[in-house]
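Undergrad: heads up, no residue letters with this:
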């Protein structure tokens, strides 16, 4: 009898987790080799929500591609829009007005808070802290209200356009945003007081899923995961885009790079993002919200009944779109999960010849094996939560 | 980014160690591009990663593009990054279409940059470009039994039957 049990614990068993499993945050399938309860090998299988977005983009004029790319990483849609619109603007050398830069920065940072809130709620849920989900989604709803107010949609807003943003912020938006900005740091403090000294949360995150900084860099991991390991690398600081060079904010970094550090870094980022939003709102310049180049930007609605020129431009842009000279570009921004890059190949026609997204979730997922091998199954689930992959972005 | 003269210096230095490796340089949208012979891609990447004064140690992105009807038809792009100097450099390996059903091939850079693992699989999956020496070159996003290379420009959009059980029962 004793022999039997001994055999059973040393036997390696291959277990299939997912693709439909609540702890995998989407349709991720994991093939796990288990020795007892310890993970010995792991292989992520992806592609279950691959919808060929990149291929679909090739069949549409440049301005119609925006709603497609938004739907890749469905939690950080503003970032996909910025990566794509920014890349097209650089291809056609279109400068966007200062007000558009600031508005985009505000919405990107609101989206970053939103994305981290979704992450915090669902990951804490995985670790057994069910009430966190309701608190996080309460604040997330306020952000979605703001998106709805400005763009008319709560998710997938199509708010960013090539040349700027589609509409200026409405009356009353600023007051509501200021209310949110004043509220948010208090809320983050409340999350901290719920989790920071929670015995279960600490034992599930401290020392779990540590991967060294060097290994993370080899694997191309960016974003909060890399910063939690002590590497202060953030594209908002290193590359000059939008209004970030003019704003004052800090890059939170961790020390050990375990689950707890990742949690701390993301929470600190939420507070920093709130500061960015507040500063950008204070410094919001007056002026147009979209560029005035009629070859690329739709004329204002009010001009259509009175100006033949405007009508011609409108017709031309809506039917054919604009042509982009043959060239190629790779434009990267800092998304909530790391470096989000957009590669566009233009062949001179009105449709892109290739749109490729370097999605941070896709690349970061490669580090999952290093995080989980050698740990317990339960810690593997905690590590996956802390990795924060969005499978829509992974599979595109 | 290295500026235009800096790019020519890099080209000259690579030429000394690996003659014929660099085919062309380009400078567009403020971004330096090094067009490289696909047979010597590993040597060039290793040189760029390791030689002092350059050290492009981070591979941001690896992706491919189909330049149909141009020849050579394919290119694999390596977006290299030096994080200390905050410099990006794009290396482009040109690949001709071997014709018939043969697949274009080049060396895998997983040994140099482990981050290329998934990304090379993605390029293989979508373009049918084979990376020699890749540890597990299988389809990653498309189904395992899928036939065809969907991101190629001559691969049609649509026309694929949607296999819902309802359709099968109703329309056979």
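TA: Sure thing, it's come through. These numbers come from a predicted model, not from an experiment. Numbers count the residues shown, from 1 in each chain, chains lettered A, B, ... in the order given.
Undergrad: tell me the contacts of the residue in chain B that chain A sits nearest to?
TA: Closest residue of chain B to chain A, Cβ to the nearest Cβ: residue B:115 (2.8 Å). In short, each C-beta sits where N, CA and C put it, glycine included. With contacts defined as Cβ atoms under 8 Å, 6 or more residues apart in numbering or on different chains, residue B:115 is in contact with A:218, A:219, A:220, A:221, A:363, A:366, B:59, B:62.
Undergrad: sitting in strands, which of these do you find?
TA: B:59, B:62 (DSSP state E).
Undergrad: what is the nearest of the contacts of residue B:115 to residue A:287?
TA: Using Cβ to Cβ, residue A:363 is the member of these that sits closest to residue A:287, with 37.7 Å.
Undergrad: in contact with that closest one, which residues?
TA: Contacts for residue A:363 (Cβ under 8 Å, 6+ apart) come out as A:219, A:220, A:221, A:222, A:338, B:115, B:118, B:119.
Undergrad: show me what the fifth one is bridged to.
TA: Following DSSP bridges, residue A:338 is listed with bridge partners residue A:335.
Undergrad: helix or strand: which one has residue A:333?
TA: strand A:327-335 (DSSP states H and E).
Undergrad: got a pLDDT number for residue B:159?
TA: As summarised for this prediction, residue B:159 has a pLDDT of 61.
Undergrad: er, residue B:31 actually
TA: Per-residue pLDDT puts residue B:31 at 81.
Undergrad: what's the single longest helix in chain B?
TA: Of all segments of type helix in chain B, defined using DSSP state H, the longest is helix B:4-17.
Undergrad: what of chain A?
TA: Using DSSP H to assign secondary structure, the helix with the most residues in chain A is helix A:98-126.
Undergrad: the residue positioned nearest the centre of chain B: what secondary structure?
TA: Geometric centre of chain B, nearest residue: residue B:76, 2.1 Å, by Cα atoms, centre = their mean. Secondary structure of residue B:76, reduced to three states by DSSP: H, G, I helix; E, B strand; the rest coil: strand.
Undergrad: my guess is it contacts residue B:62, does it?
TA: Yes. Under the criterion of Cβ atoms under 8 Å, residue B:76 is in contact with residue B:62, at a separation of 6.9 Å.
Undergrad: of the contacts of residue A:363, closest to residue B:96?
TA: Distances from residue B:96 to the contacts of residue A:363, taken by Cβ to Cβ, are shortest for residue B:119, at 21.6 Å.
Undergrad: next, give phi and psi for the closest one.
TA: Note on residue B:119: its backbone torsions stand at phi -70, psi -40 [degrees, to the nearest 10].
Undergrad: what about stretch A:116-124, average pLDDT?
TA: Here the average pLDDT along stretch A:116-124 is 92.
Undergrad: burial count for residue A:186?
TA: By other Cβ atoms under 10 Å in any protein chain shown, the residues close to residue A:186 number 8.
Undergrad: now do the contacts for residue 134.
TA: Just so you know, I chose chain A. If you count contacts by Cβ under 8 Å, 6+ apart, residue A:134 has them with residue A:121.
Undergrad: hmm, I had chain B in mind actually
TA: Applying Cβ under 8 Å, 6+ apart, we find residue B:134 in contact with B:108, B:110, B:117, B:120, B:121, B:124.
Undergrad: PyMOL command to pick out the buried ones of those residues?
TA: Entered in PyMOL, the line below selects the buried ones among the contacts of residue B:134, by 16 or more other Cβ atoms under 10 Å in any protein chain shown:
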select buried, chain B and resi 108+110+117+120+121+124
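Undergrad: farthest pair in the contacts of residue B:134?
TA: The span of the contacts of residue B:134, defined through Cβ to Cβ, is set by B:110 and B:124 at 12.1 Å.
Undergrad: shared neighbours of those two, which are they?
TA: B:131, B:134.
Undergrad: which parts of the helix or strand hosting residue A:141 are buried?
TA: Taking DSSP H and E as the definition, residue A:141 sits inside helix A:130-151. When burial is assessed from 16+ other Cβ under 10 Å, helix A:130-151 yields the following buried residues: A:132-133, A:135-136, A:139-140, A:142-144, A:146-147, A:149-151.
Undergrad: still on that earlier bit, so which of the contacts of residue B:134 reach chain A?
TA: Of the entries in the contacts of residue B:134, those that also sit close to chain A under the rule Cβ under 8 Å from any Cβ of the partner chain are residue B:117.
Undergrad: out of the contacts of residue B:134, who's nearest residue A:282?
TA: Of all these, the one sitting nearest residue A:282 is residue B:117; the distance, using Cβ to Cβ, is 45.0 Å.
Undergrad: mind listing what that closest one touches?
TA: Residue B:117 sits next to A:366, B:110, B:134, B:135, B:136 when contact means Cβ under 8 Å, 6+ apart.
Undergrad: for residue B:27, give me phi and psi.
TA: Residue B:27 has phi and psi values of phi -140, psi 100 when expressed as degrees, to the nearest 10.
Undergrad: go on, the one 4 residues further on?
TA: Dihedral angles phi and psi of residue B:31 (degrees, to the nearest 10) take the values phi -130, psi 130.
Undergrad: any common contacting residues for residue B:76 and residue B:62?
TA: Jointly contacting residue B:76 and residue B:62 under the rule Cβ under 8 Å, 6+ apart are residue B:123.
Undergrad: follow-up on the earlier one: and the contacts of residue A:363, which of them are in helices?
TA: B:118, B:119.
Undergrad: would you turn the contacts of residue A:363 into JSON lines with distance to residue A:75 and pLDDT?
TA: Rendered in JSON lines, the data for the contacts of residue A:363 read as follows (distance: Cβ to Cβ, whole Å; pLDDT from 0 to 100):
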{"residue": "A:219", "distance to residue A:75": "22", "pLDDT": "91"}
{"residue": "A:220", "distance to residue A:75": "21", "pLDDT": "90"}
{"residue": "A:221", "distance to residue A:75": "18", "pLDDT": "92"}
{"residue": "A:222", "distance to residue A:75": "17", "pLDDT": "92"}
{"residue": "A:338", "distance to residue A:75": "14", "pLDDT": "91"}
{"residue": "B:115", "distance to residue A:75": "23", "pLDDT": "91"}
{"residue": "B:118", "distance to residue A:75": "20", "pLDDT": "92"}
{"residue": "B:119", "distance to residue A:75": "22", "pLDDT": "92"}
